[in-house]
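Undergrad: when you get a sec, could you give me coordinates for this:
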Amino acid sequence: MAHTPCVLVVDDDAPTREMLLEALATHGFRALQAGDGAGMRRELEREAPDLVLLDIRLPGEDGLTLARFLRERYDVGIIMVTGSGDVIDRIVGLEIGADDYVAKPFDPRELLARVKSVLRRIQARPDAAASAPPNPRRVPFGRCLLDLDSHQLFDADGSEVMVTHMEFDLLRVLHEHAGKALSRDQILTLTKNREWEPFDRSIDIRIARLRRKVEADPDNPRAIRTVRGVGYMFVP
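TA: Residues are numbered from 1 along each chain as shown. Just a heads-up that it's a prediction; the model follows:
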């Protein structure tokens, strides 16, 4: 029997939740709902969804805090629902590891298209646990080791350094094009994150964060170098 995707809607506005539940059900999704972080955790204990629609402006724990919680503990898609002018929130959400965002007020058709797009990307990810060979491929990246099979980053002492899916994709792309300067537009294409714009500051923010993880001296990066007027280059 084909798997019916399950979407958890987390929003404190009841009419918005009902509208989303109806739209999702009409298009063949199973939908769960919660009005805040506590409700989200209760639903997660009952069933792990495939994707979470997460409003940023929630009472108590905000959506960004909950997105970090989800990314650290669950392999789910995350779409942040933000206000139309919340540019910083969108950048921070992507930095935390959200897969996409949609701004209020939104057209339900756009939201459904984004839900389907994120679910396709999730389904296309290789199952690292099933496909990893006995001796995983770990390649040096700055002061760390990047495991290309398990999608993990390790410190020199073997301790795991937490990275989001987007951060791993960026490290992988830089490694695959070692010694070649990549523009922001090329990075977007190679990581398949075309919903960003080439001038999107979230790329630079993510590079800065990765430098703090892989560089011995983040203020004087030697592994991920800035190529003025072009973009970034990985130097093994």
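
Undergrad: where does pLDDT dip in this structure?
TA: 1-2, 84-86, 125-136, 192-201 (pLDDT under 70).

Undergrad: regarding it, what is its longest helix?
TA: helix 108-124 (DSSP state H).

Undergrad: list the buried ones in that helix?
TA: Leu111, Leu112, Arg114, Val115, Val118, Leu119, Ile122 (16 or more other C-beta atoms under 10 Å). Any C-beta I mention is one placed from the backbone N, CA and C, and that applies to glycine too.

Undergrad: Serialize the residues you listed to a markdown table and add fields for distance to Asp11.
TA: Output for those, formatted as a markdown table (distance: C-beta to C-beta, whole Å):
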| residue | distance to Asp11 |
| --- | --- |
| Leu111 | 12 |
| Leu112 | 16 |
| Arg114 | 15 |
| Val115 | 14 |
| Val118 | 17 |
| Leu119 | 19 |
| Ile122 | 21 |
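
Undergrad: and those, which is closest to Glu72?
TA: Ile122 (16.9 Å; C-beta to C-beta).

Undergrad: quick one: that closest one from Arg73, how far?
TA: Ile122 sits 16 Å away from Arg73, going by C-beta to C-beta, to the nearest Å.

Undergrad: do the same with Arg209
TA: Taking C-beta to C-beta, one finds Arg209 at 20 Å from Arg73.

Undergrad: tell me which of those two has more neighbours.
TA: Arg209 (15 against 10; other C-beta atoms under 10 Å).

Undergrad: need the contact list for the more buried one.
TA: Contact partners of Arg209, counting by C-beta atoms under 8 Å, 6 or more residues apart in numbering, are Glu95, Glu167.

Undergrad: roughly how far apart are the most centrally placed residue in the chain and His175?
TA: Taking C-alpha atoms, centre = their mean, the centroid of the chain lies closest to Gly97, which sits 3.1 Å from it. Distance, Gly97 to His175, using C-beta to C-beta: 20 Å.
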